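Chemist: Dropping a prediction and its sequence here:
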Amino acid sequence: MVTKNLKEDFEGLTIAKARIIAHLIGDGCAYKSNHDYNIKYEVKDLESLNSFEVDMIFVYGLKLTKGFKNSGITGLPIPFIRLRSKLAYGDLLKYATFNSKDWKIKGQLLNSSKEIKREFLKAFFDDEGSVINEHGKGIIKLYSINRRGLKQVRRLLLEFDIKSQLSYGYGAKRNVYALLIKELDSFYKEIGFNLKRKQNKLTSLK
């Protein structure tokens, strides 16, 4: 495997890198296979996909490859973007792990500035959060099968004075957890979404 040189200033935690980390935990992955070190983001929202590409190029300075993968649920093609880089892979693992069942936010991100934490939360809610009109009231639900990871997110939200409840029993197998946020106005003021369609729905329901 040829080692690709990254930008000279790639090290360090920035708001762009915080978004990358959040997207990889949400709809992406970072993994080693044979002699490859893969960073891959797969999502239907082209707005998020394009944002991820811009952030990756800004942080690491390498060109990414694009393609499509058929959904295991619908069979429809879903676009993805990927980078193979041992150095970028190793850098990202300093801040989090990315397995869907047991992803974990590490200390450098947990102890970062509120600006960085805000961008992490925005990007993560873009991928995993939903704004729902439930019984005439708006509610935000953030889904994951990883209870411990959601508890970390819950603690981050509390730093912005946003309260949430942890609930269980979602998904087809009823094995999915959700963080429930009922104070939409607080979330709107402190965090919000980068995705326009979700931010518009939040604005209409808060």
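Modeler: That came through fine.

Chemist: Would you state the strands of this structure in chain order?
Modeler: Secondary structure of the chain (DSSP state E): strands located at 28-33, 36-42, 65-70, 77-84, 96-97, 104-105, 129-134, 137-144, 165-170, 176-181.

Chemist: for those, which one sits closest to Lys198?
Modeler: Lys198 lies closest, by CB to CB, to one member of the strands of the chain: strand 129-134, at 5.8 Å. C-beta here means a position set from N, CA and C on the backbone, and glycine is covered the same way.

Chemist: In that closest one, which residues are buried?
Modeler: Going by neighbour count (16 or more other CB atoms under 10 Å), the buried part of strand 129-134 is 129, 131.

Chemist: next one: stretch 17-31
Modeler: Of the residues in stretch 17-31, those buried (16+ other CB under 10 Å) are 17-30.

Chemist: Okay, and which of the residues you listed map to helices?
Modeler: Under the assignment DSSP state H, the buried residues of stretch 17-31 contribute 17-26 to helices.

Chemist: Would you convert the strands of the chain into CSV that also reports distance to Ile116?
Modeler: What follows is the strands of the chain, written out as CSV (distance: least, CB to CB, whole Å):
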stretch, distance to Ile116
strand 28-33, 18
strand 36-42, 19
strand 65-70, 28
strand 77-84, 21
strand 96-97, 13
strand 104-105, 12
strand 129-134, 19
strand 137-144, 19
strand 165-170, 24
strand 176-181, 20
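
Chemist: So which of the ones you listed is nearest Asp9?
Modeler: strand 77-84 (17.4 Å).
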